[in-house]
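Engineer: Give me a 3D structure for the following:
(chains A and B)
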Amino acid sequence: MPHDHHDPLSPSGHPFREDNDTPLSYWQRMEIAIRELMIEKAHLSPEEIALQIDAMDSRSPANGAAVVARAWVDPGFKARLLEDASAASREMGFDIGPMNLIAVENTATVHNLIVCTLCSCYPRNLLGLPPDWYKTRAYRSRAVIEPRAVLREFGLDLAGDIRVRVHDSTADMRYIVLPARPEGTDDLTEADLTALVTRDSMIGTGLPRMA
Amino acid sequence: MAERVRVKAMMPPGHVRTPSYLRGKTGVIERELGPFGNPEKLAYMLEAEKQPLYRVRFTMEEIWGTAAETPTDTLDAEIYAHWLERV
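Structural biologist: Down below sits the predicted model:
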């Protein structure tokens, strides 16, 4: 009885994912054609492509969390991060390639939210791949039209006296939110603080975990 | 006082990185980001001149008018110089 999926639902109650045996799209064919040409003409090797995919997959929100926690404990680093977030990330040893990163700071009176209305720009070179919802038309359009309603759906009901600043990544910059350090964390080490920083808190759709 | 600029209300075809919802809207320059290749040329592998890039801050009231969720909330976007005119 190997994989006969007569039952339309998996044991976890979700539908089984369909096999991807539909015809290739135009752009998929283009990607394969260009990749094979690049290999044939010895501009790239399959190993180099695999290594790049591996490097991107190994990036994760943990990198950003380390940057945020450092900013919470080191005022000098925080100043450098807000001045030039690319340089500050590299200072911590993260290879972010040519990415131009801007850090925007949440305070008692300001809450920042990141979106890319045109496509899916995201600080991948620091945080890894974006969540699927970040790329949906619903998030991309609603984040600029009704950011507070979107934040409520993420469980974040902001007081009226907090100003929301939405940042639309329309061009060459990428953005990371520097969330406010949670209260009651004075005794925590930098490593402990890192564990409080969530991916969503760096997009602005969430807050750090409470200690 | 921050410099006030208006996004040109052009509708050119092709790869354009100025969102439609900001065209014709007025904001203030939040910061200057330096020169970047014009994406409208880069997208077609044409020789791309450098354009100064600015972060422009708009109020939600300016963008959405009376439909704004909270008029004083703001939106920042990166706009290339050739899309901006001083007000």
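Engineer: What is the neighbour count of the closest residue to chain A within chain B?
Structural biologist: Nearest residue of chain B to chain A: B:Glu78, at 3.7 Å (CB to the nearest CB). C-beta coordinates here come from the backbone N, C-alpha and C atoms, glycine included. Around B:Glu78 there are 24 other residues, counting by other CB atoms under 10 Å in any protein chain shown.
Engineer: Setting aside sequence neighbours, what's the nearest residue to it?
Structural biologist: Of all residues not flanking B:Glu78 in the chain, A:Ala171 sits nearest, at 3.7 Å (CB to CB, 6 or more residues apart in numbering or on different chains).
Engineer: which element is the residue nearest the centre of chain B on?
Structural biologist: Taking CA atoms, centre = their mean, the centroid of chain B lies closest to B:Ile79, which sits 3.2 Å from it. Assessed by DSSP states H and E, B:Ile79 sits inside strand B:74-80.
Engineer: Help me confirm that the residue nearest to the centre of chain B comes into contact with B:Phe58.
Structural biologist: No. B:Ile79 is beyond contact range of B:Phe58, at 10.0 Å (criterion: CB atoms under 8 Å).
Engineer: Need the residues touching each of those two.
Structural biologist: B:Leu22 (CB atoms under 8 Å, 6 or more residues apart in numbering or on different chains).
Engineer: any idea how far the helix-or-strand element of chain A with minimal mean pLDDT is from the chain center?
Structural biologist: Ranking every helix and strand in chain A by mean pLDDT, DSSP states H and E puts helix A:46-58 at the bottom, with a mean of 94. Centre-to-centre, helix A:46-58 and its host chain are 19 Å apart (CA atoms, centre = their mean, to the nearest Å).
Engineer: Could you find the closest non-adjacent residue to B:Glu85?
Structural biologist: Among residues not flanking B:Glu85 along the chain, B:Arg6 sits closest, at 5.3 Å (CB to CB, 6+ apart).
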